[in-house]
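[1] please work out how this folds:
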Amino acid sequence: IKLTLDDLHLSNEQLTKIMKKMIKEMHKGLGKDTHDDATVKMIPSYVKSLPDGTERGSFLALDLGGTNFRVLLVKIKEGDKLDGKPKIEMDSQIYRMPEDVIVGEGEKLFDHIAMCMADFLKRLDLLDQRLPVGFTFSFPCQQDGLDQATLITWTKGFSAPGVVGKNIVKMLKDAIDRRGVSLELTSCLTIYGQTFKMMHDMDVDIIAVVNDTVGTMTSCAFDDQECMVGLIVGNNLVYLTTFLCTGSNACYMEKMSNIERVDSDKGEMCVNMEWGAFGDDGALSEYRNEYDAHVDENSLNCGKQLYEKMISGMYMGEIVRLVLVKLTDDGLLFGGKGSDALRTRGSFQTSYVSQIESAIPSGMTAVQNILATLDIGAMRHDCEIVIQVCRAVSRRAAHLCAAGQWSVVVSIALHPEQEVLRMTCGVDGTVYKKHPTFSDIMSEKVNELCAGADVAVNFALSYDGSGKGAALITAVAQRAINAEQ
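    Numbering: from 1, shown residues only. This is a model prediction of the structure:
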């Protein structure tokens with residue numbers, strides 16, 4: 001059993017090597033001539049500043065990342081005079097994305113989005129109020145400006161033709177333009193002696209396309225101005241009968257002089273790392289084991305997103321299951337007798353891992369009940385082994401994530417003009433929020449690894465990066481626009 005668990009252990013020396021390899025890929029991703037060969041793409045987000053507390057106004061946020069589409073109205077108001085912090089009020093509505101819309105013609109998809117926007121604004125009696133819009137579009141995009149994003153490929157069950165390679169902001173604007181609903185007397189078009197203009201049923205200005213990880217950082221930065229890093233660990237989605245996951249990703253504020261694909265060299269810009277693909281070139285081969293290989297071989301994207309597959313919630317339960325099957329086959333668990341359910345791919349859910357680790361103080365009954373759902377009658381010593389396996393898999397995932405965070409911290413600390421001694425990382429995702437030990441293990445390991453750099457890292461739960469965060473990014477951009485006028 002010890003030998004099996006040792007396969008899931010990573011020493012600080014190994015984590016240091018992983019950190020150095022990631023930094024190498026980060027530099028490649030930032031380089032103009034090396035970007036295409038990098039596994040960590042380091043995509044410019046064009047978010048150049050974070051909330052400073054002076055943002056005010058009403059903003060519309062759109063959140064499309066799965067089979068639900070969310071529309072939010074976010075109001076940033078004056079807060080309590082005692083603490084001086086602004087107050088945020090939010091109203092929202094969720095709209096279902098029908099299957100025929102997400103696989104149908106691209107124009108119809110954006111028509112559906114525009115219809116949902118109009119319905120939401122009508123419900124709040126805001127059709128005639130001009131609102132700045134932030135659009136969280138959680139699909140791989142090439143971003144060439146804050147309001148310019150070209151879809152690279154669909155994921156998460158979406159396959160609407162006619163969108164890949166197109167500017168999604170333009171497609172949404174075109175859909176809104178198609179919603180002309182009335183004629184009003186104006187001074188622009190004369191018909192039979194009368195002057196008319198086609199009017200739309202909503203007045204919006206799409207200012208920002210937002211990545212959910214960048215939104216996570218921005219949402220946290222609103223409350224903590226030391227926040228300059230965003231992290232997502234294991235946001236899970238269900239699409240029809242397929243279990244899907246946005247996995248893990250990170251972003252941080254980088255010097256623009258280091259981002260060679262951006263013309264300006266002044267100030268900072270948030271970089272969307274897209275670190276899930278780290279290791280796709282073989283950089284993690286010596287740290288992956290037979291369980292990782294099995295998970296990858298049976299995935300929908302074999303050979304891709306290898307770092308993510310070692311961390312995120314979609315795969316954690318499956319890795320535990322594979323270890324349990326191996327121990328059973330070796331006669332070390334369940335008396336050498338498993339069950340058909342245990343041998344069924346995907347049967348050991350990641351939620352089981354969290355439940356088992358949460359149940360440890362109260363005894364083995366909860367563990368036995370979970371195993372009973374897999375048609376396994378477990379003795380006490382069996383449960384103790386299962387707990388050890390869950391702990392080992394969880395700890396490895398947290399330590400791997402810590403190595404990635406260490407890479408980010410080192411990169412920020414290397415900025416010679418920045419004397420950063422403390423920094424905050426805003427975090428979202430089901431693994432971070434729901435797993436009983438993941439957050440503590442990751443935080444402790446990051447600060448242990450960073451001790452030599454004299455940097456203390458604080459991790460803070462970020463709330464609603466795809467909604468609130470998108471609105472805040474829009475508010476910051478609007479603040480800059482107003483300052484230039």
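[2] all strands of the stretch 251-400 of the chain, in order?
    For the stretch 251-400 of the chain, applying DSSP state E, counting those that start in this stretch gives strands covering 268-272.
[3] how about the strands in the stretch 51-200 of the chain?
    57-64, 68-77, 87-96, 131-137, 141-145, 148-151, 180-191, 194-200.
[4] return the member of these having the minimum mean pLDDT.
    Taking the mean pLDDT of each of the strands of the stretch 51-200 of the chain, the lowest value is held by strand 180-191, a mean of 39.
[5] lowest-scoring secondary structure element of the chain by mean pLDDT?
    Of all the helices and strands that make up the chain, strand 180-191 has the lowest average by mean pLDDT, DSSP states H and E, namely a mean of 39.
[6] pLDDT below threshold where in the stretch 351-485 of the chain?
    Where the stretch 351-485 of the chain drops to pLDDT under 70, the residues are 361-362, 415-420, 485.
[7] show me what residue 92 bridges to in the sheet.
    With DSSP bridges applied, the residues forming beta bridges to residue 92 are residue 72.
[8] you'd agree it is up against residue 72?
    Yes. Using CB atoms under 8 Å, residue 92 and residue 72 qualify as a contacting pair, with a distance of 4.1 Å. C-beta: built from backbone N, CA, C; applies to glycine.
[9] who touches both of the two?
    Counting by CB atoms under 8 Å, 6 or more residues apart in numbering, the common neighbours of residue 92 and residue 72 are residue 467.
[10] out of those two, which sits in the more crowded spot?
    A count of neighbours by other CB atoms under 10 Å puts residue 72 above the other of residue 92 and residue 72, at 23 against 15.
[11] tell me the spacing between the more buried one and residue 127.
    As judged by CB to CB, to the nearest Å, residue 72 and residue 127 stand 16 Å apart.
[12] repeat that for residue 287.
    For residue 287 relative to residue 127 (CB to CB), the value is 55 Å.
[13] who's more crowded, those two?
    Each of residue 287 and residue 127 had its neighbours counted (other CB under 10 Å), and the higher figure belongs to residue 287 (20 against 15).
[14] got the contact list for the more buried one?
    Going by CB under 8 Å, 6+ apart, the list of residues near residue 287 reads 10, 14, 18.
[15] any chance of those in TSV, plus neighbour count?
    Conversion of the contacts of residue 287 to TSV gives the following (neighbours: other CB atoms under 10 Å):
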residue	neighbour count
10	18
14	15
18	25
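[16] for these, give me CSV that also has secondary structure, pLDDT and distance to residue 143.
    Rendered in CSV, the data for the contacts of residue 287 read as follows (DSSP: H, G, I helix; E, B strand; the rest coil; pLDDT from 0 to 100; distance: CB to CB, whole Å):
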residue, secondary structure, pLDDT, distance to residue 143
10, coil, 97, 33
14, helix, 98, 34
18, helix, 98, 28
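[17] and which of the residues you listed is nearest to residue 441?
    The shortest gap between residue 441 and any of these belongs to residue 10, at 12.0 Å (CB to CB).
[18] now do the helices in the stretch 101-250 of the chain.
    Listed in chain order, the helices found in the stretch 101-250 of the chain under DSSP state H, counting those that start in this stretch are 106-123, 168-177, 212-223.
[19] just name the most buried of those helices.
    Using mean count of other CB atoms under 10 Å, the stretch among these with the greatest mean number of neighbours is helix 212-223 (a mean of 29).
[20] just checking, what packs against that one?
    Identification of packing neighbours for helix 212-223 by 3 or more CB pairs under 8 Å, 6 or more residues apart in numbering; DSSP states H and E yields strand 227-239, strand 242-255, strand 268-272, strand 422-428, helix 470-484.
[21] given the third one, what are its sheet partners and their directions?
    Here the strand partners of strand 268-272, with direction, are listed using DSSP bridges: strand 43-44 (antiparallel), strand 242-255 (antiparallel).
[22] of those strands, which shows the lowest average pLDDT?
    Looking at the strands paired with strand 268-272, the lowest mean pLDDT belongs to strand 242-255 (a mean of 74).
[23] what are the bridge partners for the residue lying closest to residue 211 once chain neighbours are set aside, then?
    The shortest distance from residue 211 to any non-neighbouring residue, by CB to CB, 6 or more residues apart in numbering, is to residue 272 (4.8 Å). In this structure, residue 272 has beta-bridge partners residue 43, residue 251, where bridges are defined by DSSP bridges.
[24] now do the same for residue 272: its pLDDT.
    94.
[25] surely it meets residue 216?
    No. Between residue 272 and residue 216 there is no contact, the gap being 10.9 Å when judged by CB under 8 Å.
[26] pLDDT weak spots in the stretch 151-300 of the chain?
    Counting by pLDDT under 70, the stretch 151-300 of the chain contains low-confidence residues at 180-200, 235-246.
[27] distance check, residue 465 against residue 218.
    For residue 465, the distance to residue 218 equals 7 Å [CB to CB].
[28] now for those two: what residues contact both?
    Taking CB under 8 Å, 6+ apart as the contact rule, residue 465 and residue 218 both touch residue 230.
[29] show me the contacts for the residue nearest to residue 209 when sequence neighbours are not counted.
    Using CB to CB, 6+ apart and skipping residues adjacent in sequence, the residue nearest residue 209 is residue 149, 4.1 Å away. Shown in contact with residue 149 (CB under 8 Å, 6+ apart): 137, 141-143, 167-169, 209.
[30] in the stretch 251-400 of the chain, which spans are helices?
    Per DSSP H, counting those that start in this stretch, the stretch 251-400 of the chain has helices spanning 290-297, 306-309, 313-329, 350-359, 365-372, 380-413. These are given in chain order.
[31] now for the third one, which elements pack on it?
    Here helix 313-329 is seen to pack against helix 2-6, strand 227-239, strand 242-255, helix 290-297, helix 350-359, helix 380-413, helix 430-434 when contacts are counted using 3+ CB pairs under 8 Å, 6+ apart.
[32] and residue 433, what does it touch?
    Taking CB under 8 Å, 6+ apart as the definition of contact, the neighbours of residue 433 are residue 461.
[33] should've said residue 10
    Neighbouring residues of residue 10 by CB under 8 Å, 6+ apart: 18, 287, 396, 399-400, 403.
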